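Peer 1: Mind folding the following:
(2 chains)
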Amino acid sequence: MRISKIKIDNFANFSEFEIETGDNLVVVGENKVGKSNLIFALQLILDPGLSERDRQLGLEHFWDGLGDNKLGAVIEIVIELTDFEGDPRLLAHLGDCIVDPGPPMVSRLTYRFQPKADLEGGPQSMADYEYILFGGLDPDNAMRPGLRRMLPIDVLAALRDAEKDLATWRHSPLRPLIEGLTAGLGEDDRDAIQEAVDTAQNTLAERDEVRTVAQIISDRLQKMVGPAHATPISLGIAPTRIDALLRALRLLIDGGARGIADASLGTANLIFLALKSLELDRLVGEGERDHTFLAVEEPEAHLHPHVQRLVYRHFLAEPEDAADEEEDGNEDPVPATRLTTILTTHSPHIASIAPLRSLVLLRRDGAGAGDRTVGFSTAKTPLTDSDEADLQRYIDVTRGELFFARGVILVEGDAERFLVPAFAEALDIPLDQRGISVCSVGGTNFAPYVKLLGPAGLSIPYVVLTDRDPVEAGSPLARGRVQKLLEIVEPGPVYDDLADAAIFRRGERHGIFVNSRTLEPELLGSGLARRMGQILKSELPLRRAGREAIDGWVADPATVDVDRLLGLIERVGKGRFAQRLAAGATERRCPAYIRTALERIRDAVA
Amino acid sequence: MPLRSTSSAYLRHAGDLVGNPGQQAAYDSRGHCVVLAGPGSGKTKTLVLKLARILAEDVRAPRGVACITYSQECARELTRRLEALGLRDAPNLFVGTVHGFCLRHILMPYARLAGLAVPYPLSLATTRQTDSAFKQVAERLLGAGQPYKAHDMGKYRRVHLDRDGPDWESDPDLARITEGYEAALRRGGLIDFDDLVIFGNRLVSDHDWVLPAIQARWPVLAVDEYQDLGVPLHRIVERLAFEGGVRLFAVGDADQSVYGFAGADGALLLELAQRDDVEAVQLQLNYRSAGRIIRASELALGEARGYQPHDPRRQAVIEFTERPGGLEDQAAYVVESLIPAALAAKPGRALGDIAILYRAASVGDVFADSLTAAGYDYIRVDNAAPYKKVGLTSWIEDCAAWCAGGWRTGRPQLAGLISRWIGFRSGRPSELESRRMARALTSFLSGHRADEGAAAPFVSAIRRTLVDPLTASDRSLADQREQVRRMSEALAEGGKLEGLDLKSLGGRDGSPTHINLLTLHSAKGCEYDVVIMVGMDMGAMPWRRETEDELRESRRLFYVGLTRARDAVHMLYSGWIPGRYGAQRLGRSPFVEELEERLAAAEE
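Peer 2: Sure, this is the predicted structure:
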C-alpha cells in the first residue's frame, strides 16, 4: 500500500496544496517551508497517539494567508491510499472508504476542522470549531478508530534523544525483543541458566575471604548487643531470578567493553534505528499492525553522510523478502509492502539515494500575505524507464543539490561546472547566494533532467548550456539535441522542417543556449587565449613545434586547430584545465551564450 | 494484545456438542456449511457457538463475521445469546436483518461509486409514504377498486428480480404498478425496505469489484432461518459465497418455511445443501419436545424426518377438544380448565410456560379479552399488538429490563444497549459523537434504575431525554417513531397496557407471570411447556380455497405450532367458523382430523 495523494487546505503553510506521491516520500525543502507541518498533517489522520485535544487545532494552525478570515475558514487534510486491494486485511480497513473502484482502488481519508454543524450564525471563537475524521466521500462515514491503530504513523522527531530512549526500559525499542526472548526460553534452559548463576553466586559467597568478612561483622554485632539480639550474618548475593537477569541485559558496544551511554550520538541513533526497524517487523509479523507509515524527520541530524546513505537505503528499499515470511494462519496472504517511509531532509546525501519517484519538493510560493508552500513531486513526471534509470544512476551527492536549488544550470561536463560559477561571480551573479546550482549531466543527455526539473516534475527554473558541435557536412550535433528538448518542453509543432537557426532561436526562448562551436575554442575567442596558452604550456611537456602552434592560436584564435587544441586540453584534463582557467574569468571575457543564460536564470529565481 | 471481539467462553460450552454428531460437524466445519436443523435441535446454540469459534479462531478484526437473520426479534435473541458467551456487538461482528446488512455494508459504502440509481442520501420511506404511493399508482393505472394489495406487489418485486427477462412481464399489471410505485418513491428521494435488498442484489451482481471489498470485510457470512429469507438474499448469498469467496454458514429448516406468501422459499435452502462445494449437516436430536410430540409433528407434516427425542422417557399430553360454542367457548375452556390444569400438572410451572397460538390476530382479541376478564396478565405478539417490535421499541424494552434489575447481572449488557443506541443514528458517528451518546444514555439509565415502578413514566422520560430528539432529526426513523408513540399510548391511561410495570415491559421472554398470546408466525423460534392451538377449524386452518402451495404452507404453519411444545399440546376447535351470514359449518381443521387419526393408528 502507498499514499497516492495528499491535499491540504488552509493548514499551516498550506493552502490548496496537492501532490501525488510514489511508494515512499522523501520530502525536501528549505527550513521553515513546512516539512514538519506536512508530517503533522498526516498525524492528524493517522497517528493513534494523538489526543483529542491535539486534533482540536488552534487559530495558529490556520494558514496565515487567510489574514483576518481565519475564523470561519475550514481546514481540510486529505490523503488517498492505493495499491491495497491485493491484501484482504487492508481492503477490510479501507473498503468502505473507496472513492475510485479502479483498478487500482483508491480510498480516501479526510480530516476536517470546521465550525460546528449546529451553530447558529458564524463561529465566534475556536470553541465553536470541531474536527471530523471520515472515510470516502461521506462526512457521516466516520473513520473507525481501529483503522488508525492498525495502520498507524510513527514519527521519529528531528532532534530526539536516542540514548535516553534506549536507557528507559519502558520506551526502549529493545524491550519487546528481550521480552520475546524471555518468552521463547524453554523450561530446561531457564533452569540451566538459573543453576549456573546460582553456582557462580555460591562460589563467590563461599570463598574464605568472604566468610572471614562475614565473621568479623557477626562478632562485632554480638559484642555490641549480645547473642540474644544479634542475628547471624553471612555475605552472599541476593538470589537473582532469571527474569530479572534477562531484563538486566544491556546493549554493549565495542566488543562488550562499553555501554550505550558511552557511544557517540551517531552510534546511539544508528542502534535506535536498527531496533526501530526490528520493532516494525515484529509489530507487523505479530499482526498488531497491518501497515506502518514511518516518518523520520531530518535523519541527517546525527549521522555521518555515508551512514545516512546506507541506513536510508535500507528503509527506502523495495521489499524483497516479504514473501518469505509466513503468518500463523493461512487466512491472510502476506502483503507486499507493509512500510511506507516518509523522510524529511535537507541533506543532499539522502536526497541523492531517494528513489526518484519518491521525491516531494516543498517550496515557498509568493511573498508576504499570500505566502504559501507549494509542492512538487516526481511521482507522475513523464520519465521513461531509461530516463529514470539514467537519473537514478547519475544523481549523486553533488547532483543531489539540484533538489534544493532555486534554479539550475545544466551543463555538459566538468569544464562548465568550474567555469560557469567563475563567470557568474564576475558578472555579479553569485550562484550560491541565489540558490542556483550548476549541474553537470556528464554528456549531452539533458532530456531526463529537463523532464525532472520541468513543470510536470519539480518545477525548478533551469537553463541548458550545450555545445554546437559542428560536423563536416550537415547540421551541427546540437540541432538534434535541442530539437529533442523542444519536443519535451513545447510538444506539438513539427520541428523537422525548421532550419537549424530557427531551432536554436526557439531553444533560447526556452532557456537552451548553444555556443558557436565547442566550449574551449569559444573561450579562446573570448579573450582567454593568452591564459589558455599559458596553462597548456605550463602543464604539458611540449616540444617547440607545439608551443609555437599554441602561440599562433593565441595571436589569432581564428587559426585554431580545434581537434588538436582539444587533444592538448584533454591531456591536461578538462576539469583541471577549467579549474585553472576559472581564475581568469572576467565579465568582459564571458562568452555571450553563458552570459545570456546566467542573466536568464538570475531573473527566473529573483 | 490487540482488541478482539472474541472470548474464550465458547470453549467451556463446546463440550456440550460432543455426542451430537450433527452439531459437532457444524462446529468443526471449515468451508461452506448448511445446517438443516429440525425443531428443538439446538440450532441457535450451534450457530452461536460456531460464530464465537470463528471470531476467536478464523478471523481477526477488521475482518469479521456478518450474521443475517430474518427479523429484528431474531437478531435481538441472537445478540442476547452471544452476549451470554461474552461476545458483543463489535465493528467486526454484525448481527442484524438482511435489510440492515444491505443498507450498512453494501449500499452505503458502494452504491454511489457503482453509479446505482438510488437517491442520496439514502432515505427510507415510512409505511405511510409507501402505502400512499402504492395506492395512488395502482388506482391511477387500474382504477379505484383495483384488486391488488401492497403485499402482492411486494412479493412480485421480491420474486421477479430480473427486470429485463421475460419473467418480469408474467403479470403485466403488477409489473406496471411496481415501476410506477418505484418511480414515485424516487421522485420523493426515497427508497423502501425491499429496495434495500433489491439494490443490494443488483450491486453485487453487476459490479465485480464489490465482491473482494465485501469479502475482505466479511470473510464469513452466517444466515439464520435461511428458509424465510427469499430470493434476493439467496442471490446475494450465492454471488458472495460461490463467486466472491465468502464462507457461508447457513442454518434453517425448510419444514418451517411459513413466509411463502412474502416470497420466501424453503427450497432455496435445500438447493444450497445439495451443492457439491457445501457441507450439509443434519441436526436430528430434538432437545425440546417429548417423543410423542415429535412423532405427532412428523405425522402432521406427513413426512418422516427421523427426529429423535433427547430424553425418550419423557411423557407428553396431546389432546383434541371440541368446544361447540365458538372462539368464546374455546377461550372459556382455556381460562377455566386448561390453564389451572397446566399449572397444577408440574410443580414450578408458571404462566410464562403456557402459550396460546392462533392464526389471525382477530382470534387473539377474543382470548385477550377473556384473559383480562379472568385477571391473567399476558404478553401479546401479533399485528394487533399495541405496538410493533421494531428496533427502537425493542431497545426501549431492553433498557427497561436493565433498569428494572438487569444491571445487577449484566443482562442485557449496558455496552450492547449503548452500541444499539449509537447504531440508530444514520451514518457512522464520529468517536466524539459516539462518546457523547454513550455518556447521555449511561447517565439516563443509571438514573432510572428502580426495582419497582411503572413503565409509563420511564417511557415518557426516555422519549423526552433521548429518543424524541433523535427521531425528530432523522427522517429514516419515522416508522419506528410511530411505534414508540403507540407504545406510550398503550401505557397511558385507558391504553391496553395501562399500569404495566417496568419489569414486564422489559422483555418478551423472562416474564413468568404472563401468559403468551401469539400468532403461529410469531411463535417461530419460541418454545413452551404447554401449547394451546386455538381456532383449529376448517376455513381458518387452512383458509378456504387455498392453492396447493398455500395448503402446503398452512400445513407447515400447523407443524410449527405443534413443535413449539415441550410437554403438552391442546388442539381446540368448534367445527364451525363465523361467516358473513352466520356460522359456516365446515368441520374442524383437516390437519387436526388427520393428526388424530394417524396418531391413533400409530399408537394402537
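Peer 1: quick one: secondary structure of the residue in the stretch 51-200 of chain B that chain A sits nearest to?
Peer 2: Among the residues of the stretch 51-200 of chain B, B:Pro109 lies closest to chain A, at 3.6 Å counting by Cβ to the nearest Cβ. No exception for glycine: its C-beta is placed from N, CA and C like everyone else's. Here B:Pro109 is helix, with the state taken from DSSP: H, G, I helix; E, B strand; the rest coil.
Peer 1: For it, give its distance to A:Leu137.
Peer 2: In this view, B:Pro109 and A:Leu137 are 10 Å apart by Cβ to Cβ, to the nearest Å.
Peer 1: who's more crowded, these two?
Peer 2: Neighbours were counted for B:Pro109 and for A:Leu137 using other Cβ atoms under 10 Å in any protein chain shown; B:Pro109 has more, 21 against 14.
Peer 1: Hmm, A:Ala92 and the more buried one touching each other?
Peer 2: No: at 11.7 Å, B:Pro109 does not count as touching A:Ala92 under the criterion of Cβ atoms under 8 Å.
Peer 1: Give me the common contacts of the two.
Peer 2: The contact sets of B:Pro109 and A:Ala92 do not overlap (Cβ atoms under 8 Å, 6 or more residues apart in numbering or on different chains).
Peer 1: that older thread, tell me who's in contact with the spatially closest residue to the residue of the stretch 51-200 of chain B closest to chain A that is not a sequence neighbour.
Peer 2: Distances taken as Cβ to Cβ, 6 or more residues apart in numbering or on different chains put A:Asp96 closest to B:Pro109, at 3.6 Å, once the chain neighbours are dropped. Residues in contact with A:Asp96 (Cβ under 8 Å, 6+ apart) are A:135-136, A:141, B:105, B:108-110, B:213, B:217.
Peer 1: make it 7 Å
Peer 2: By Cβ atoms under 7 Å, 6 or more residues apart in numbering or on different chains, the contact set of A:Asp96 is A:135-136, A:141, B:109.
Peer 1: Which of those fall in helices?
Peer 2: Within the contacts of A:Asp96, residues falling in helices by DSSP state H are B:Pro109.
Peer 1: Go through the contacts of A:Asp96 and say which is closest to B:Leu141.
Peer 2: Closest approach between the contacts of A:Asp96 and B:Leu141, by Cβ to Cβ: B:Pro109, at 36.0 Å.
Peer 1: For B:Ala213, see how far away that closest one is.
Peer 2: Distance, B:Pro109 to B:Ala213, using Cβ to Cβ: 8 Å.
Peer 1: what's B:Thr321 sitting at in phi/psi?
Peer 2: Taking degrees, to the nearest 10, you get phi -130, psi 120 for the backbone angles of B:Thr321.
Peer 1: Also A:Ile153?
Peer 2: A:Ile153 adopts backbone torsions of phi -100, psi 130, taken as degrees, to the nearest 10.
Peer 1: Might one say that it is in contact with A:Ile45?
Peer 2: No: counting by Cβ atoms under 7 Å, A:Ile153 does not reach A:Ile45; the two are 8.1 Å apart.
Peer 1: which one's the longest strand in chain A?
Peer 2: strand A:106-115 (DSSP state E).
Peer 1: Note down every partner strand of that one and its orientation.
Peer 2: Here strand A:106-115 has these sheet partners by DSSP bridges: strand A:75-82 (antiparallel), strand A:98-100 (antiparallel), strand A:129-135 (antiparallel).
Peer 1: With respect to A:Gly492, which of the contacts of A:Asp96 is nearest?
Peer 2: A:Gly492 lies nearest to A:Gly136 out of these, by Cβ to Cβ, at 39.2 Å.
Peer 1: Tell me which residues touch that closest one, please.
Peer 2: Taking Cβ under 7 Å, 6+ apart as the criterion, A:Gly136 is in contact with A:96-99, A:108, B:109.
Peer 1: By mean pLDDT, flag the weakest helix or strand of chain A.
Peer 2: Least confident helix or strand of chain A, by mean pLDDT, DSSP states H and E, is helix A:162-167 with a mean of 71.
Peer 1: what sits against the residue of the stretch 201-350 of chain B found nearest chain A?
Peer 2: Scanning the stretch 201-350 of chain B for the residue nearest chain A gives B:Ala216, at 3.5 Å (criterion: Cβ to the nearest Cβ). Each residue near B:Ala216 by Cβ under 7 Å, 6+ apart is listed here: A:88, A:91-92, A:95, B:63.
Peer 1: So for it, what's the nearest residue that isn't a sequence neighbour?
Peer 2: A:Leu91 (3.5 Å).
Peer 1: Also B:Leu141?
Peer 2: Closest residue in space to B:Leu141, ignoring its immediate chain neighbours: B:Arg176 at 5.5 Å, by Cβ to Cβ, 6+ apart.
Peer 1: Could you check the pLDDT of the one you found?
Peer 2: B:Arg176 carries a pLDDT value of 88.
Peer 1: Can you give me the neighbour number for it?
Peer 2: 16.
Peer 1: Pretty sure B:Arg140 is one of the things it touches, is it not?
Peer 2: No: if you go by Cβ under 7 Å, B:Arg176 and B:Arg140 don't touch, sitting 10.0 Å apart.
Peer 1: In the stretch 201-350 of chain B, where is pLDDT below threshold?
Peer 2: Along the stretch 201-350 of chain B, the model assigns pLDDT under 70 to no residue.
Peer 1: how about the strands of it, start to end?
Peer 2: Here the stretch 201-350 of chain B has its strands, by DSSP state E, counting those that start in this stretch, at B:220-223, B:247-252, B:279-283, B:285-286, B:308-309, B:317-322.
Peer 1: Thank you, goodbye.
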